[in-house]
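Enquirer: Pasting the sequence and the predicted coordinates here, then a few questions.
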Amino acid sequence: MIVKSQGRCLLCVRKAIEGKYCKYHYDALQSLKEHYEIWRSRYGELSWYDYLKRLKKNKYTGKWVKEVIEVELKKV
């Protein structure tokens, strides 16, 4: 569900605290960014897009992270 209300999270109805995301979705984005560097060190050259696609398919990836991945994939 995408909410386009100003001051609200892009992905839910919570108040946006960091740009376009609420605290939970913003934390999910930060976690994605931090872990991307770890994945790159393990897999070598791994694009942001490929990283996001792999995580999206992973059954252990959380709901908030998957919601952020959807938005990030549209940017790439």
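Expert: Looks like it arrived, so ask away.

Enquirer: Residue 26 falls within a helix, correct?
Expert: Yes - the assignment for residue 26 by DSSP: H, G, I helix; E, B strand; the rest coil puts it in a helix.

Enquirer: burial of it, as a residue count?
Expert: As a burial measure, residue 26 scores 18 neighbours (other Cβ atoms under 10 Å). For glycine as for every other residue, the C-beta is placed from the backbone atoms N, C-alpha and C.

Enquirer: Quick check: closest non-adjacent residue to it.
Expert: Of all residues not flanking residue 26 in the chain, residue 18 sits nearest, at 4.0 Å (Cβ to Cβ, 6 or more residues apart in numbering).

Enquirer: Verify the stated contact: that neighbour with residue 24.
Expert: No - Residue 18 is beyond contact range of residue 24, at 10.6 Å (criterion: Cβ atoms under 8 Å).

Enquirer: Neighbour count: these two, which is higher?
Expert: More crowded of residue 18 and residue 24, by other Cβ under 10 Å: residue 24, with 18 against 13.

Enquirer: isn't residue 64 right up against residue 29?
Expert: No - using Cβ under 8 Å, residue 64 makes no contact with residue 29, being 9.2 Å away.
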